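**Q** Here is the input, now give the coordinates:
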Amino acid sequence: MRIERVSSSHLNVSEKLRGLNGGFTWSDLFTRSKRVIRLKVRAEEIDFTRAEVFIGDINKKTKGAFAELTVEHLVHILYADFLLHIRENLSERKETKDSVTMEDTVKSLQQKRLFYFPRQRSGEAVNQFAAPKMWALMEVQFLRENVKRGEVFLYDAEATFPPFQMEVDELISILFVDFIAQLRRGNQQVLINGLIDRFLSHDFD
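**A** Alright, predicted model coming up:
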């Protein structure tokens, strides 16, 4: 049923995709540089390739309704979903099953950063048998106001837990590689349905 609903609204999907990253219009000709910020998402090369394959699978399931969807759009959806979750569910105490505390969020981000982007400490032995990671950077355009939302959240997190420090581009990179890790574990159908629901329910204006 979900796939039929998406297939019948290609135009709506296309419009929402164009609005995700502050798509160019003629009225933006002289103000575009003030409205957008370019950030670099870090992941392994294979992660970006796996995301492209995932997008292809989405289009097979939806009969091409997401033909204009790109990896860049996927990054935007994941970031918007994180900001929405924080805005609606962040609380001082765990009051409901959906509520999340600042402490839980900070710990989760720290653990994921350590797992996905481990930093070699001075004097630490290098594992000669581990395959080297092939890192890549993808430049993504974000609306300035959306970047500011992430900056405000990270500022509050750093103020509450002083040892914690993180930039917005690092946060977005963690969200992306964590999603790809879920995909690699074989949750493809669940992730496709979840992504479509998130995309259709979000207001990206």
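**Q** what's near enough to touch the most centrally placed residue in the chain?
**A** The chain has residue 78 as the residue nearest its centroid, 3.1 Å off, counting by C-alpha atoms, centre = their mean. Counting by C-beta atoms under 8 Å, 6 or more residues apart in numbering, residue 78 touches 172, 175, 176, 179. (C-beta placed from N, C-alpha, C; glycine too.)
**Q** Let's see the longest helix along the chain as PDB, backbone CA atoms only.
**A** Longest helix in the chain, counting residues (DSSP state H): helix 71-89. Extracted C-alpha coordinates of helix 71-89, given in PDB (Å, rounded to 0.1, in the frame of the first residue of the first chain):
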ATOM      1  CA  VAL A  71      23.100  10.100  -1.700                       C
ATOM      2  CA  GLU A  72      23.100  13.700  -0.900                       C
ATOM      3  CA  HIS A  73      19.400  13.700  -0.300                       C
ATOM      4  CA  LEU A  74      19.800  10.600   1.800                       C
ATOM      5  CA  VAL A  75      22.200  12.500   4.100                       C
ATOM      6  CA  HIS A  76      19.700  15.300   4.400                       C
ATOM      7  CA  ILE A  77      16.900  12.900   5.400                       C
ATOM      8  CA  LEU A  78      19.000  11.300   8.100                       C
ATOM      9  CA  TYR A  79      20.100  14.600   9.500                       C
ATOM     10  CA  ALA A  80      16.500  16.100   9.500                       C
ATOM     11  CA  ASP A  81      15.300  12.900  11.200                       C
ATOM     12  CA  PHE A  82      17.900  13.300  13.900                       C
ATOM     13  CA  LEU A  83      17.000  17.000  14.500                       C
ATOM     14  CA  LEU A  84      13.300  16.100  14.600                       C
ATOM     15  CA  HIS A  85      13.800  13.300  17.100                       C
ATOM     16  CA  ILE A  86      15.900  15.600  19.400                       C
ATOM     17  CA  ARG A  87      13.400  18.500  19.100                       C
ATOM     18  CA  GLU A  88      10.400  16.300  19.900                       C
ATOM     19  CA  ASN A  89      11.800  13.800  22.400                       C
END
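**Q** out of the contacts of residue 78, who's nearest residue 61?
**A** Set against residue 61, the nearest of the contacts of residue 78 by C-beta to C-beta is residue 179 (17.2 Å).
**Q** In space, what's closest to that closest one - neighbours in sequence excluded?
**A** Nearest residue to residue 179, sequence neighbours excluded (C-beta to C-beta, 6 or more residues apart in numbering): residue 78, at 5.6 Å.
**Q** gap between the one you found and residue 183?
**A** Using C-beta to C-beta, to the nearest Å, residue 78 is found at 12 Å from residue 183.
**Q** where exactly do the helices run in this protein?
**A** For the chain, the helices defined by DSSP H occupy 2-7, 10-20, 32-35, 45-61, 71-89, 102-116, 144-160, 168-184, 188-201.
**Q** per-residue confidence averaged over the last one?
**A** This points to helix 188-201. Here helix 188-201 scores 86 as its mean pLDDT.
**Q** what sits against residue 150?
**A** Here residue 150 is in contact with 79, 83, 168, 171, 172 (C-beta under 8 Å, 6+ apart).
**Q** Brilliant, that's me finished.
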